[in-house]
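Undergrad: have a look; sequence and predicted model below, questions after that.
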Amino acid sequence: MKLGWNFKRGVSQFLTSWKNASHPSLGAYTYGMDNDVVPQFVFAKGSSKIFLTGPWNGVRFPGTFVSNRNFTVLKPTFVYNSNEIYYTFDAAKSSITTRLQLSESGQMLRLVLNKGSTEWALMYTLQNGQCNNYGECGANGICRVNTVTICECLKGFVPKSPQEWVVLNRTSGCKREKALDCQMGEGFLKMQNVKLPDLLDTLVNKSMSTEECEANCLKNCSCIAYANSDIRSGGSGCVMWFGNLMDMREFVEDLSEQDIFIRMPASELVANSLASKKGNRVVLISVLSAASVLLLFGLLCWCLILKQRGNKRGSRASKEDLELPQFDFHTIATATDNFSTKNKLGEGGFGPVYKARLTEEESIAVKRLSKYSGQGVEEFKNEVMMIANLQHRNLVKLLGCCTEGEERMLIYEYMPNKSLDCFIFGLRFYLSTLNTTEA
């Protein structure tokens, strides 16, 4: 489904909720694109904004929480030309169907349906945290998910109503600690990895360079911040703000490379520079102290490293001598449900044997050397070499081994009908029981 605008027809394509679960008439919630210059999506209830994705930055809408890891499931498409502007998602695989649902209770859900399944699975929701609430920290505030209080004022700003902030009501926002006077020495403070403010009072010029954008903002006393409209190729285009900065949040994931430059008076820039230099000195002292400790620790460990190097060489040589496919320990542990007793097939002098499921169609048997076993590495190697050299249709096939760390495991093909001796000894037991009964 396309979400956006058709310029020729003058039609906006957006989502709307049902009135309720049994009434498909138009509900109170909508989700659509609100700007055709620097587009962004708005989730609203009536005229009240609930959530913003942030403006398109040339790569993605940063607030949609679709990162590179999601592209194995979803294939996003953004189109912007003289006829239309729209954003849509398609399934990246033919075995998957995906849809976006706006529920009557105000939840924006991304659902997926796997081939052969009859139930839609939830992939993500747009409103998955307090920082996604529109204007959570008020004007000139920023929401940080990794802080205790969540909301903070931007650098150079203080709470407009300290009493309200004490009781965790930040809707009044923040004000400048020192007013701008448009004098020489004013400049900009860079904030990295943020969702840009709402485009309430802005000017956009997509042909400007970053340097031109800064110069134009600086010479206009009403301009309080600027940013690139496109982050690709080092950044280009210009967005300038002329009012309060509303609905900013910090990203800690790899979902945004967006920076914003906020105008500061000369005194604030000097104070920030001094604080930065002081912080650098503290960091330098800390680094030198840590380096000294690490050097001493390294000297103490050097003898142990030399000793273990010989053992590692022997272990590598042992792996090469086996000439068998190597299974990594994590794969085996996952396939056996961390060596669960429910997957245990039996136990011998070597150690326990487990059933492991590599895929839905392929199962294997894992023979793990017990730490209480009397057998060691040499016995393990002998068994591997002996079985590897014996090939017969009536003998179980050795598929590989695992010699990661201290682990010693043999990987065999799994026999779902059990081994031949089970049938032989099982028959004898039956005959013995039958003779005893007749006597």
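TA: In hand now; what should we look at? Numbers count the residues shown, from 1 in each chain.
Undergrad: alpha carbons only for contacts and neighbour counts from here, please
TA: OK.
Undergrad: what's the helix or strand where A215 lies packed up against?
TA: Element membership of A215 [criterion: DSSP states H and E] is helix 210-219. Counting contacts by 3 or more C-alpha pairs under 8 Å, 6 or more residues apart in numbering; DSSP states H and E, helix 210-219 packs against strand 225-227, strand 238-241.
Undergrad: tell me which of those strands sits most buried.
TA: Mean neighbour count (mean count of other C-alpha atoms under 10 Å) peaks for strand 225-227 among the helices and strands packed on helix 210-219, with a mean of 26.
Undergrad: what mean pLDDT does that one have?
TA: Regarding strand 225-227, the rounded mean pLDDT is 96.
Undergrad: check stretch 363-374 too.
TA: 80.
Undergrad: can you map out the strands along the stretch 251-400 of the chain?
TA: 260-264, 344-347, 352-357, 363-368, 398-402 (DSSP state E, counting those that start in this stretch).
Undergrad: please enumerate residues in contact with the last one?
TA: Contacts with strand 398-402, where a contact means C-alpha atoms under 8 Å, 6 or more residues apart in numbering, come from 324-329, 387-388, 408-413.
Undergrad: from these, list the buried ones, please.
TA: When those are checked for burial by 16 or more other C-alpha atoms under 10 Å, the buried set is 324, 326-327, 329, 388, 408-413.
Undergrad: quick revisit: want to try a markdown table for the strands of the stretch 251-400 of the chain, with distance to L126 and mean neighbour count as columns?
TA: Compiled in a markdown table, these are given as follows (distance: least, C-alpha to C-alpha, whole Å; neighbours: other C-alpha atoms under 10 Å):
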| stretch | distance to L126 | mean neighbour count |
| --- | --- | --- |
| strand 260-264 | 23 | 22 |
| strand 344-347 | 43 | 14 |
| strand 352-357 | 36 | 23 |
| strand 363-368 | 39 | 22 |
| strand 398-402 | 43 | 21 |
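Undergrad: now do K155 against E257, distance only.
TA: K155 sits 20 Å away from E257, going by C-alpha to C-alpha, to the nearest Å.
Undergrad: ok, now A28?
TA: 34 Å.
Undergrad: where does the stretch 1-150 of the chain have low pLDDT?
TA: The stretch 1-150 of the chain contains residues with pLDDT under 70 at 36, 65-71.
Undergrad: ok, now with 50
TA: The model of the stretch 1-150 of the chain has no residue with pLDDT under 50.
Undergrad: all the strands of it, residue numbers only.
TA: 3-6, 11-13, 15-20, 23-33, 41-45, 48-52, 74-80, 84-91, 96-102, 108-114, 121-125, 141-143.
Undergrad: you'd agree F14 is up against Y29?
TA: No - assessed by C-alpha atoms under 8 Å, F14 is found out of contact with Y29, at 10.6 Å.
Undergrad: coming back round to it: and the helices and strands packed on helix 210-219: which comes nearest A291?
TA: Taking C-alpha to C-alpha, strand 225-227 is the member of the helices and strands packed on helix 210-219 nearest to A291, at 38.8 Å.
Undergrad: quick one: I262 and E186 touch, right?
TA: No - contact criterion C-alpha under 8 Å: I262 and E186 do not qualify, at 10.6 Å.
Undergrad: now, of the strands of the stretch 1-150 of the chain, which is deepest in the fold?
TA: strand 141-143 (a mean of 28).
Undergrad: hmm, who's touching that one?
TA: Contacts of strand 141-143 (C-alpha under 8 Å, 6+ apart): 131, 136-137, 150-154, 173-174, 245-250.
Undergrad: end to end, how far does stretch 178-197 reach?
TA: Terminal residues of stretch 178-197 are spaced 21 Å apart (C-alpha to C-alpha).
Undergrad: what are the buried residues along that stretch?
TA: For stretch 178-197, by 16+ other C-alpha under 10 Å, it's 182, 186-189, 193-197.
Undergrad: repeat for stretch 334-350
TA: 335-337, 339, 343-344, 350.
Undergrad: just the CA coordinates of it, formatted as CSV?
TA: These are the backbone C-alpha positions of stretch 334-350, laid out as CSV (Å, rounded to 0.1, in the frame of the first residue of the first chain):
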residue,chain,number,x,y,z
THR,A,334,21.5,-24.8,20.2
ALA,A,335,20.5,-28.0,18.3
THR,A,336,20.5,-30.0,21.6
ASP,A,337,18.6,-27.3,23.5
ASN,A,338,21.8,-26.7,25.6
PHE,A,339,22.3,-30.5,26.1
SER,A,340,18.8,-30.9,27.6
THR,A,341,18.1,-34.2,29.3
LYS,A,342,14.9,-34.6,27.2
ASN,A,343,17.2,-35.0,24.1
LYS,A,344,19.5,-37.5,25.8
LEU,A,345,19.6,-40.9,24.0
GLY,A,346,21.9,-42.7,26.4
GLU,A,347,25.3,-42.8,28.0
GLY,A,348,28.4,-45.0,27.8
GLY,A,349,32.0,-44.9,29.0
PHE,A,350,32.9,-42.1,26.6
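Undergrad: give me the contacts around it.
TA: Under C-alpha under 8 Å, 6+ apart, the answer for stretch 334-350 is 332-333, 352-358, 367-370, 373-375.
Undergrad: how about 10 Å then?
TA: 329-333, 352-359, 363-376, 379-380, 409, 418 (C-alpha atoms under 10 Å, 6 or more residues apart in numbering).
Undergrad: repeat for stretch 82-91
TA: Residues contacting stretch 82-91 (C-alpha under 10 Å, 6+ apart): 1-13, 32-33, 36-37, 39, 41, 60-61, 71-80, 96-100, 112-113.
Undergrad: how does it look with 6 Å?
TA: Defining contact as C-alpha atoms under 6 Å, 6 or more residues apart in numbering, one finds that stretch 82-91 is touched by 1-8, 73-79, 97.
Undergrad: which of the residues you listed sits closest to C301?
TA: V73 (46.5 Å).
Undergrad: tell me the phi and psi of that closest one?
TA: Main-chain torsions, V73, degrees, to the nearest 10: phi -110, psi -40.
Undergrad: separation between C217 and D181?
TA: 14 Å.
Undergrad: the buried ones among the contacts of strand 398-402 in helices, which ones?
TA: 329, 388 (DSSP state H).
Undergrad: can you pick out the most distant pair from the buried ones among the contacts of strand 398-402?
TA: F329 and A388 (20.7 Å).
Undergrad: re earlier: taking the contacts of stretch 82-91 together, which two end up most distant?
TA: Every pair of those checked by C-alpha to C-alpha; the farthest is K8 and V73, at 32.4 Å.
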